[in-house]
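Asks: Could you work out the structure for the sequence below:
(2 chains)
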Amino acid sequence: MADSRPVAIRLEGVSKRFDHGIKGEVYAVRGVSLIVRPGELLTLLGPSGCGKTTTLRMIAGFQEPDAGRVWIGAQDVTRLMANQRNIGFVFQSYALFPHLTVFENVAYGLRVQRHADAEIAHAVGEVLDLVGLAGYDRQMPHQLSGGEQQRVALARAIVIRPRVLLFDEPLSNLDARLRVQMRGEIQRLQKALGITAVYVTHDQEEAMAISDRIAVMHQGVIVQEGSAETLYHRPASEFVAQFIGRTNLLRGRVTAAAGAGIEVEVHGQKLRAAGGASGFAVGASVTLVLRPESIAISAGGRGLSGTVVSRTFLGEKVEYQVRVGGETLQVTDYGAGGSRVLAPGETVTLEVPSTGVWILEGGA
Amino acid sequence: MTEAVRRPGRDPALWATVLVLWALLGLFVLFPLARLSWLAFFEGGRLSLDHVWSILGDPNHRQAFANSVLLAALVGAGGTALGFLFAYTAARAGLGRGWLAALDATTLLPLVSPPFTTAIAMIFSFGPRGLITYHLLGLKGATAYGLPSTLFAETLTYFPIAYLTLRPILAAIDPNVEDMAFSLGSSRWRVFRTVTLPLAVPGFANAFLLLFAASLADFATPLILAGNSFPVLPTQAYLQVTGLLDFKGGAVLSFALLVPAAAIYFLQRYWVGRGAYVTVTGKAGPATLIKSVAPWARWLLLAACAAVAVVIAYLYALLLYASVVMAFGANHALTWRHYHVIFTEGLKAIHDTLIIAGIGMPLGGLFGVLVGYLVARRRFPGRRAMEMVSMINYALPGTIVGIAYLIAFNDPPLALTGTALIIIACYVFRYSPTGIRATVALLQQIDPSIEEASQGLGARSGLTFRRVTLPLIVPAFFAGLGVVFIRSMTAISATIFLVSINWTLITVRILENMTELSLGPAAAFSVLVVAIVFAVMAGISWALRRLETGGGLRVTSILGG
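Replies: I've put the predicted structure just below:
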């Protein structure tokens, strides 16, 4: 695809093998190609071992790809060492220098670049202000809380005005509340500074909250790229559908593919879908993706009929498990208190609007 | 997944350091050993075992070999038993801090003293004019020489090694495992026999091996105590070299030392390796009240430990006393004479020793930290080989290293014999492995991403090492140089071959004094060495405590070996 828009980071067919003691050589990353636009925050999302951290470390220069090329801006940095790339890296463990004060931690990169003392003092003061740590200069890292250490790590990474900012699961050592707060701050800072950023996480909610764009990785390859909405509503594969959000997967067969949407037969009942991952011919085996909250549950009416297996009241919503044919579907009801209590054993009707159904190729 | 650094090709500082270290290791570890092997096993450029057979055919030498093995086995068994007594008492008798400190102090004293201090004190106690043999029992012409006294002295000297090996193993046994056995109806003795002892088996094997090797390599104690009737290999090799000037024979005899050590090593690997004793995995339970020792048994254990401690204290007190009386055993008038002697006639030895230890200390510390860092953190060809080669001189008996240095550095262009350099090199390459291991252990506790963070901020590898890594491994540096200094003050087995008129050592003077029967100065010298060593140890642990306030990283003990 020819595209003349500027590029901040470009990976081209990047691969990395590791010597696995038992399995021999295994690919951690296999032929990954990726473009990050200037000022964009792109997240590499995937389960542990999917190659997302290795990809990030190859952008940083901590690891060298076995094949492929890495560009930062217009420069090919594939063979450039990390200390020559001018990147900011925020580690999962923060990796603060335990023997240096907060001030000296942040000043480290500037000292390496041999800036004047006055200049360093000014820049460090400014960036500590920015991350809300004014007055912490003389503290030692072990005297800080996890959230404060995280801010120091962030300050240390941005003070050198890096070309790109790289985050390796930066929030995974914080408790849930702080995590939500910090991800907001990271996003605010990144946008305010306009720095291109690549963010690695295995937490899909975090990814959706923070990213301009998400690349989902699985077994060393990028399986889908797009906005959070695209990934959620239009997943390209069962893996993406299941990894992002909760989902019901139903096997079915296309019965009609003309006119408004596609008609699919599931357990002898008909469902309509507005769209799918590709065009489908009549008779094709497919998999239907149904999000729990897009299913309407009621005691009567038209639609799939099933039996309530369990009901869990969670305050703002009620979660049901409903048996339809041979399968159990998850249904979330945000009935705002108005809907009737449907007890286990009751026969219910599930209504699915065609816009709430997404079709994937294949299905056993 | 952490691959700290790429190929060294693009990191000239790494390349240069690796090359320099290899050159040093080649010159001071591999080359002497190759020269020694060449001398021992080659005749006129061809492999020849004729000389080996003729040396080993000598009944005297065969006797020495058998004696060495017998002594080492007895010391191994006795020292392990004594070490277990102390370790079990420390781990299971529910002692307060004061008692534990007393146990540690008791075991520290023999560990940091010159290896023959116990032997000298034995002479004062059991010799012809000994405090016990002559003064208490009134025995005339008692002899302190032979197997029993050598065994006794070596056991007291080396049992702390077994203590240090066994204590962490016993401490790591989850008390809940013992509680479980109790709850199943076992008696205390049965728990001890069926749970505690079997779990400590790998520790026993390890402790025995270490003591066996230490005794096999011990040169000074037999030289003082074994006497003519009980020759052992290290002393025979020494006499062969210095008495008969038969370097070849000395080389063969020193190699013979390796045979039993290697045999025991492989036996231990086989034995412990077969029964896969995975002691403790997962989280140890909360420390429960120790019920495994009955109150009467607890007192028995304490009494036994106290008895050993008293014997050690008695021997050291005797040494101190002998250094301040006119002539121990004959004239007990107090005097500073012997100290006057060592600070006038003996001043050169003190001076030389301090200079050599003082120069070797920073070099050894730096070498240990550098090798440890490279081995633990960097990737380069021959990394594992470097780790192994750097341990060789440490693992070999001092007699082998000493003779090898003597042979290797006797001819130009490497004629170092008679210089201070050869002694310093010997100490640096023989005693820096403690620093190497301390550095590796410390680095394993430090997140590698701290160094990557520095790299990411633009620092080159040399700058990262100086600004980040080095400050973090300073504790290991201090531990390493401390050990080099202490051993430089106390070691003798290798360096006795390397001293000269120009450069001599306190330990060598002590041995000379012993053979000239000037026991007073020998005692005074020994007291001086122990005092210096303790002062330096105190200084280093003070420095380590100060350094620990920061990141909470610690070097467990500077006495790893």
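
Asks: Contacts only, for residue A:342.
Replies: A:297, A:299, A:308, A:311, A:320, A:348 (C-beta atoms under 8 Å, 6 or more residues apart in numbering or on different chains). Bear in mind the C-beta positions are built from the backbone N, C-alpha and C, glycine included.

Asks: Export these as JSON lines, with columns for pLDDT and secondary structure.
Replies: JSON lines is the format used below for those (pLDDT from 0 to 100; DSSP: H, G, I helix; E, B strand; the rest coil):
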{"residue": "A:297", "pLDDT": "88", "secondary structure": "strand"}
{"residue": "A:299", "pLDDT": "83", "secondary structure": "coil"}
{"residue": "A:308", "pLDDT": "92", "secondary structure": "strand"}
{"residue": "A:311", "pLDDT": "91", "secondary structure": "strand"}
{"residue": "A:320", "pLDDT": "92", "secondary structure": "strand"}
{"residue": "A:348", "pLDDT": "89", "secondary structure": "strand"}
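
Asks: Quick check: residues of the stretch 301-450 of chain B near chain A?
Replies: Counting by C-beta under 8 Å from any C-beta of the partner chain, the stretch 301-450 of chain B comes close to chain A at B:447, B:449-450.

Asks: Any chance of these in a markdown table with pLDDT and neighbour count as columns?
Replies: Shown next, in a markdown table, are these (pLDDT from 0 to 100; neighbours: other C-beta atoms under 10 Å in any protein chain shown):
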| residue | pLDDT | neighbour count |
| --- | --- | --- |
| B:447 | 85 | 16 |
| B:449 | 89 | 21 |
| B:450 | 90 | 21 |
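
Asks: Got the domain ranges for chain A?
Replies: A:9-240, A:248-361 (automatic domain parsing).

Asks: mind checking which helix or strand residue A:286 is in?
Replies: Using DSSP states H and E, the element containing residue A:286 is strand A:285-290.

Asks: got the buried residues for that strand?
Replies: Within strand A:285-290, the residues that count as buried by 16 or more other C-beta atoms under 10 Å in any protein chain shown are A:286-290.

Asks: before we move on, back to that, put the buried members of the contacts of residue A:342 into a PyMOL selection.
Replies: Buried residues among those (16+ other C-beta under 10 Å), as a PyMOL selection:
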select buried, chain A and resi 297+308+311+320+348
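
Asks: Which pair of the contacts of residue A:342 spans the longest distance?
Replies: Taking C-beta to C-beta as the measure, those span a maximum distance of 13.0 Å, between A:299 and A:311.

Asks: now for the buried residues of strand A:285-290, which pair is the farthest apart?
Replies: A:286 and A:290 (12.5 Å).

Asks: Show me where the stretch 151-300 of chain A has its strands.
Replies: For the stretch 151-300 of chain A, applying DSSP state E, counting those that start in this stretch gives strands covering A:164-168, A:196-201, A:213-218, A:221-226, A:248-256, A:262-266, A:269-273, A:275-276, A:285-290, A:296-298.

Asks: Most tightly packed of those?
Replies: strand A:196-201 (a mean of 26; mean count of other C-beta atoms under 10 Å in any protein chain shown).

Asks: For the chain, give me the ranges with low pLDDT.
Replies: Here I'm looking at chain A. Within chain A, the ranges that satisfy pLDDT under 70 run A:1-3, A:21, A:258-260, A:279, A:336-339, A:363-364.

Asks: looking at chain B here, not the other one
Replies: In chain B (pLDDT under 70), the answer is B:1-10, B:134-135, B:138-142, B:175-176, B:182-183, B:185, B:271-292, B:547-561.

Asks: Would you mind telling me which of the strands of the stretch 151-300 of chain A is nearest chain B?
Replies: Nearest to chain B, of all the strands of the stretch 151-300 of chain A, is strand A:164-168, at 8.2 Å by C-beta to the nearest C-beta.

Asks: Direction included, what does the closest one pair up with?
Replies: Within its sheet, and counting by DSSP bridges, strand A:164-168 is paired with strand A:87-90 (parallel), strand A:196-201 (parallel).

Asks: which one is the residue of the stretch 401-550 of chain B found nearest chain A nearest to, not counting chain neighbours?
Replies: Minimum separation of the stretch 401-550 of chain B from chain A (C-beta to the nearest C-beta) falls at residue B:457, amounting to 3.4 Å. Spatially, and ignoring its direct neighbours in sequence, residue B:457 is nearest to residue A:109 (3.4 Å; C-beta to C-beta, 6 or more residues apart in numbering or on different chains).

Asks: Report the next helix or strand after the helix or strand harbouring the one you found in sequence order.
Replies: When elements are assigned from DSSP H and E, residue A:109 belongs to helix A:102-112. Downstream of helix A:102-112, the first helix or strand assigned by DSSP H and E is helix A:117-130.

Asks: Does residue B:248 touch residue B:38 like I think?
Replies: No: counting by C-beta atoms under 8 Å, residue B:248 sits too far from residue B:38 to count as a contact (10.3 Å).

Asks: of those two, who's got more company?
Replies: residue B:248 (18 against 13; other C-beta atoms under 10 Å in any protein chain shown).

Asks: rewinding a little: specify which member of the residues of the stretch 301-450 of chain B next to chain A is nearest to residue A:116.
Replies: residue B:450 (26.3 Å).

Asks: Now do the same contact list for the residue nearest to the closest one when sequence neighbours are not counted.
Replies: Distance criterion C-beta to C-beta, 6+ apart; nearest residue to residue B:450, sequence neighbours excluded, is residue A:95 at 4.5 Å. By C-beta under 8 Å, 6+ apart, residue A:95 lies in contact with A:153, B:447, B:449-450, B:452-453.

Asks: Now do the strand or helix carrying residue B:429: which elements does it pack against?
Replies: Assigned by DSSP H and E, residue B:429 belongs to helix B:420-431. In terms of contacts (3 or more C-beta pairs under 8 Å, 6 or more residues apart in numbering or on different chains; DSSP states H and E), helix B:420-431 is packed against helix B:347-377, helix B:383-395, helix B:398-408, helix B:474-490.

Asks: As TSV, those with mean neighbour count would be great.
Replies: Converted to TSV, the helices and strands packed on helix B:420-431 look like this (neighbours: other C-beta atoms under 10 Å in any protein chain shown):
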stretch	mean neighbour count
helix B:347-377	21
helix B:383-395	17
helix B:398-408	27
helix B:474-490	26
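
Asks: Save the ones you listed as TSV, and put in distance to residue A:208 too.
Replies: Listed next are the helices and strands packed on helix B:420-431 as TSV, based on distance: least, C-beta to C-beta, whole Å:
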stretch	distance to residue A:208
helix B:347-377	38
helix B:383-395	44
helix B:398-408	65
helix B:474-490	45
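
Asks: Which one of those lies nearest to residue B:223?
Replies: With C-beta to C-beta as the yardstick, what comes closest out of those is helix B:398-408 (11.0 Å).

Asks: tilt between that closest one and helix B:383-395?
Replies: Orientation check (axes from the mean of the first three to the mean of the last three C-alpha atoms, to 10 degrees): helix B:398-408 against helix B:383-395 gives 100 degrees.

Asks: Distance from the chain centre to helix B:398-408, please.
Replies: 18 Å (C-alpha atoms, centre = their mean, to the nearest Å).

Asks: before we move on, what about stretch A:120-136?
Replies: 30 Å.

Asks: One more: stretch B:232-247?
Replies: Using C-alpha atoms, centre = their mean, the offset of stretch B:232-247 from its chain centre is 23 Å.

Asks: Tell me the span between the first and last residue of it.
Replies: Criterion C-alpha to C-alpha, to the nearest Å; first-to-last residue distance in stretch B:232-247 is 17 Å.

Asks: what do you get for stretch A:264-281?
Replies: 11 Å.
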